[in-house]
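# Give me coordinates for this.
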Amino acid sequence: MAQLVVTAVVFEGRSKSEVARDYGLSRRWVVTLVQRYEAEGDAGLEPRSRRPLHSPNKTPADVEDEIVAIRKDLDKAGHEAGAETIAFHLARRGRRVPAVSTIWRILNERGFVTPQPHKRPKSSFVRFQAEQPNERWQLDTTHWALDDGTDVEILNQIDDHSRLIVGSDARRVFKAADVVDCFRHATSRYGLPAQMLSDNGAVFTGVPRGAGRVALELELAALGISFRHSRPYHPQTCGKVERYHQTLKRWLTRQPRARTLRALQAQLDAFTDYYNIRRPHRALRRRTPAEAFAARPRAHPTGQPIADGHYRVRRDRIDPSGVITLRHNSRLHHIGLGRRLAGTHVLVLVHDLHVRVLNEHGELIRELTLDPTRDYQRQATA
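Numbering: from 1, shown residues only. Next up is the predicted model:
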């Protein structure tokens, strides 16, 4: 087009106004093209950048470098390192924070953004979130390997409203009594939840196996806490704790592989502290879980406890004669469980005269009403 305009004016002798009208251009633009041609020849007709000579609002180079440095540090540590998280850390440092879109553009120009396939828009997702802290806790176990390849389990407990990690514990294998211990440790710090939500793992429920209630179910029932379980093969119900498994493992992958269970627990404690107190959460409008947990009043159990008091819980081991002993009103009683179970470690739950004996997997071995007039509590015969 530029060549045609110059040819019409310079070589054909047509007026600039006529050429501008015929080609649908402004007269000023025709004058500019002719002047460039007369000053530079054909080179003056080449397309030129429209970029301004000065950009007073351009992000300073030192801020761009700091954005990149934060991105590298977060990524190296295995933390979430998106543009919004980087903006959060810049603000915490007292720096002038560019727009999130600007941070994203800088990361893209520096080669830190990998193009992603087209995804469903966020508006298409339906989110379910508790209205108050402690309204619902989700819990689930996941697997991890120590440095020598030993497989261990991690139990994570998360508050549905605030995403606060109320418990993250490692064991070789979680048994029913271990789950209760971890739950009690969490409640001693954050209070009792109104409801618990888990999948149908054997340590969480015995109903699918027809084994009766396991230790955690008994514990929650005694406290008036509602306990719900997801549908089989439907992990989305416990989506928050499932998502946290991924976040935790991404971080653990970037750390030195723990040699012992104690070393792994130290790593879990360190990440829990970072996640709860220092890491902004996108679903919480960039607040930390600890801030969201403290922002509203906590919910409390609303169910009716199954007894006017708490179960007395003790661990024991069945002796060679198939018996365990239990003291009631300063008198020792012997409870028969069968010689075939000799050596089995058990969990004994006692409330007044009501006694339940479970194995380490939370399966009921025997339930009875203690007869205080008898030293030996004989098993019922068929």
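# Distance check, the nearest residue to residue 369 once chain neighbours are set aside against residue 368.
Once flanking residues are discounted, residue 369 sits nearest to residue 353: 5.1 Å by Cβ to Cβ, 6 or more residues apart in numbering. Where you see a C-beta, it was placed from the backbone N, CA and C, and this is true even at glycine. Using Cβ to Cβ, to the nearest Å, residue 353 is found at 9 Å from residue 368.
# Between those two, tell me which one has more neighbours.
Set side by side, residue 353 and residue 368 show more neighbours around residue 368, with 16 against 11, by other Cβ atoms under 10 Å.
# Now name the helix or strand holding the more buried one.
strand 364-369 (DSSP states H and E).
# neighbouring strands for that strand, and are they parallel or not?
strand 354-359 (antiparallel) (DSSP bridges).
# what is the mean pLDDT for the partner strand?
Averaging pLDDT along strand 354-359 gives 87.
# Over to stretch 243-254?
92.
# Now tell me what touches it from outside.
With contact meaning Cβ atoms under 8 Å, 6 or more residues apart in numbering, stretch 243-254 is reached by 76-80, 140, 142, 144, 154, 156, 158, 163, 165, 168, 267-268, 271, 275.
# how about 10 Å then?
75-80, 138, 140-145, 154, 156-158, 163, 165, 168, 235, 238, 258, 264, 267-268, 270-272, 274-275, 279, 283 (Cβ atoms under 10 Å, 6 or more residues apart in numbering).
# Give me the subset of the residues you listed lying in helices.
75, 76, 77, 264, 267, 268, 270, 271, 272 (DSSP state H).
# Quick one: buried ones out of those residues?
Buried members of the ones in helices among the contacts of stretch 243-254, scored by 16 or more other Cβ atoms under 10 Å, are 264, 267, 268, 271, 272.
# I'd assumed residue 256 was in contact with the second one.
Yes. The pair residue 267 and residue 256 qualifies as a contact (Cβ atoms under 10 Å) at a distance of 8.8 Å.
# ok, back up a step: my read is that the residue nearest to residue 369 contacts residue 374, right?
No. Checked against Cβ under 10 Å, the pair residue 353 and residue 374 is beyond contact range at 11.8 Å.
# Closest one to residue 102 out of the buried ones among the ones in helices among the contacts of stretch 243-254, please.
Closest approach between those and residue 102, by Cβ to Cβ: residue 271, at 29.8 Å.
# got a list of contacts for stretch 287-295?
88, 132-134, 158-159, 161-166, 190, 272-281, 283-285.
# so which strand or helix has the most centrally placed residue in the chain?
Among the residues of the chain, the one closest to the centroid is residue 244, at 2.4 Å (Cα atoms, centre = their mean). Using DSSP H and E, the element containing residue 244 is helix 239-253.
# Distance-wise, check the residue nearest to residue 64 when sequence neighbours are not counted relative to residue 263.
Nearest non-adjacent residue to residue 64, counting by Cβ to Cβ, 6+ apart: residue 106, 5.3 Å away. Computed as Cβ to Cβ, the residue 106 to residue 263 distance reads 37 Å.
# Same drill for these two, tell me which one is more crowded.
residue 106 (21 against 16).
# so that one sits right up against residue 83, yeah?
Yes. Judged on Cβ under 10 Å, residue 106 makes contact with residue 83 at a distance of 8.7 Å.
# Now do the shared contacts for these two.
67, 71, 98, 112, 113.
# Now tabulate those in a markdown table and tack on pLDDT.
Below are the shared contacts of residue 106 and residue 83 laid out as a markdown table (pLDDT from 0 to 100):
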| residue | pLDDT |
| --- | --- |
| 67 | 87 |
| 71 | 85 |
| 98 | 85 |
| 112 | 76 |
| 113 | 73 |
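# That's all I had, so thanks and see you.
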